[in-house]
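Visitor: Show me the folded form of this:
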Amino acid sequence: MVERRDSVNIRLAAQEDFDQLIRMRWDFTNEYKEIPISEDQYDDFYLECKSFLAEAIESNRWFIWVAEENGQILSHVYLEIINKVPRPGRKTNPFTYMTNVYTLPAHRGKGIGGQILRRIEVWSKQKEYEFIIVWPSDWSVEFYERNGYKPCKEAMELIF
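Guide: Reported below is the predicted structural model:
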């Protein structure tokens, strides 16, 4: 599935994208840490993340959307499909959990993230997923609101 908007391709990630996706995940994490994770830990992280990506794509439970231009991934969104327990009296469709939404700093504010979200919305409707849910950080709420997302009642959690 490829969608062209200007010179940006929006498509599902493939194995050839793993190196870029791993580096982006690393950079994403370090971008928001007061004390960045030391580069000497990258090799261990690389192996763990590569294993996750291979299993994720193979499982058909995870779908990683990328916006790329000339072979460089500029932005990505990870989706996990969550199956719900069937309920009597109605058809039960899975929902989509969105996470790890990231655009390279040099490409922010150019509408690329919004383009991916619109493509994901179309794809999710075609697949008949019930809804898309995301837990935004405080600084990303405005981005999601601009793209049609609405606040919902807070989830509850048990932290260990």
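Visitor: Show me the shaky parts of the chain.
Guide: Across the chain, residues meeting the criterion (pLDDT under 70) sit at 1-6.
Visitor: which element follows the helix ranked longest in the chain toward the C-terminus?
Guide: For the chain, the longest helix by residue count, based on DSSP state H, is helix 42-59. Read in the C-terminal direction, the helix or strand following helix 42-59 is strand 62-69, with elements assigned using DSSP states H and E.
Visitor: Mind listing the strands that next one pairs with, and their directions?
Guide: With DSSP bridges as the test, strand 62-69 is paired with strand 8-12 (antiparallel), strand 72-82 (antiparallel).
Visitor: For Trp26, which of these is the nearest?
Guide: When the strands paired with strand 62-69 are ranked by distance to Trp26, counting by Cβ to Cβ, first place goes to strand 72-82 at 12.9 Å. Where C-beta positions appear, they are placed from N, C-alpha and C, glycine not excepted.
Visitor: in a strand, that's where Tyr97 is, yeah?
Guide: Yes. Tyr97 forms part of a strand when assessed by DSSP: H, G, I helix; E, B strand; the rest coil.
Visitor: Tell me the helices and strands packed up against the longest helix of the chain.
Guide: Taking 3 or more Cβ pairs under 8 Å, 6 or more residues apart in numbering; DSSP states H and E as contact, the helices and strands that helix 42-59 lies on are helix 18-31, strand 62-69.
Visitor: which of the ones you listed sits most buried?
Guide: The densest packing among the helices and strands packed on helix 42-59, expressed as mean neighbour count by mean count of other Cβ atoms under 10 Å, is seen in strand 62-69 with a mean of 20.
Visitor: Alright, that wraps it up for me.
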